[in-house]
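Student: Here is the input, now give the coordinates:
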Amino acid sequence: MKRIFALSTVCLGILLISSCSKIPVASFTMDSTVFKMNKPIAFTCQSDGSKDFSWDFGDGKKSTDENPTHTYTSSGDFTVSLVVSNGAGSDSTSQIITVIPDVTGYWLLSMRYSGYSSQSQTLTLTQHDDNTITGRVSSTDYPAGNDIGPNSKIIGDSVMFTFAGSTTKLNGKVAPNGKTMSGKVLGASVNGTWSASSL
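Tutor: Sure thing, here's the model as predicted:
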């Protein structure tokens, strides 16, 4: 009789433990809303009761850390997936993030206008979290330089530069590796092409 009671008590305990263990609900957040390539992004798991974690960052890299940090070395759209599990089961979730190039730094800018020879200049850029770009362009012929206009910005991999006191615009694209960009020169009296490579 005592053995039956003890066995019943053990079974009841197992049932109670099992009933208290819940399948986790997968959820995660990120430490930013603007994602730049070559900048670390911190991912935080928000799933209660999880024992195991499986992250897929969409660029071929994975992690089993609970709260990993990941750096993207190219721009584009990436699907970040998280699978969480415990003894009761598993759940998964995913989010699509857009990683944009970071053009902050020094560039060698070449412009070819219609009716003008090619001109090479040094372009100094700072990319801000609101996607605006500030900076300066200068050359040996014009060392004083000229400021980048207030409407300069980057959206995805598309860039647009204006120059202070000028109607000339440079529209173009940044390569996925973030090391080159190129496009068209547009203005009231000039048209042509431009390209830039990081220094």
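Student: helices and strands of the chain: which one bottoms out on pLDDT?
Tutor: Ranked by mean pLDDT, DSSP states H and E, the helix or strand of the chain with the weakest confidence is helix 2-20, at a mean of 44.
Student: Which element is encountered next along the chain beyond that one?
Tutor: Using DSSP states H and E, the helix or strand that follows helix 2-20 in sequence is strand 28-30.
Student: Show me which positions of that following strand end up buried.
Tutor: In terms of neighbour count (16 or more other CB atoms under 10 Å), strand 28-30 has its buried residues at residue 28. C-beta here means a position set from N, CA and C on the backbone, and glycine is covered the same way.
Student: next one: stretch 46-64
Tutor: Buried-residue list, stretch 46-64, by 16+ other CB under 10 Å: 47, 50, 53, 55, 56, 57, 58, 59, 63.
Student: which one among those residues gets closest to residue 127?
Tutor: residue 59 (20.9 Å; CB to CB).
Student: Using JSON lines, please lay out the buried residues of stretch 46-64 together with pLDDT, secondary structure and distance to residue 98.
Tutor: Output for the buried residues of stretch 46-64, formatted as JSON lines (pLDDT from 0 to 100; DSSP: H, G, I helix; E, B strand; the rest coil; distance: CB to CB, whole Å):
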{"residue": "47", "pLDDT": "93", "secondary structure": "coil", "distance to residue 98": "24"}
{"residue": "50", "pLDDT": "93", "secondary structure": "coil", "distance to residue 98": "27"}
{"residue": "53", "pLDDT": "97", "secondary structure": "strand", "distance to residue 98": "24"}
{"residue": "55", "pLDDT": "98", "secondary structure": "strand", "distance to residue 98": "18"}
{"residue": "56", "pLDDT": "98", "secondary structure": "strand", "distance to residue 98": "17"}
{"residue": "57", "pLDDT": "98", "secondary structure": "coil", "distance to residue 98": "14"}
{"residue": "58", "pLDDT": "97", "secondary structure": "coil", "distance to residue 98": "11"}
{"residue": "59", "pLDDT": "95", "secondary structure": "coil", "distance to residue 98": "13"}
{"residue": "63", "pLDDT": "98", "secondary structure": "strand", "distance to residue 98": "20"}
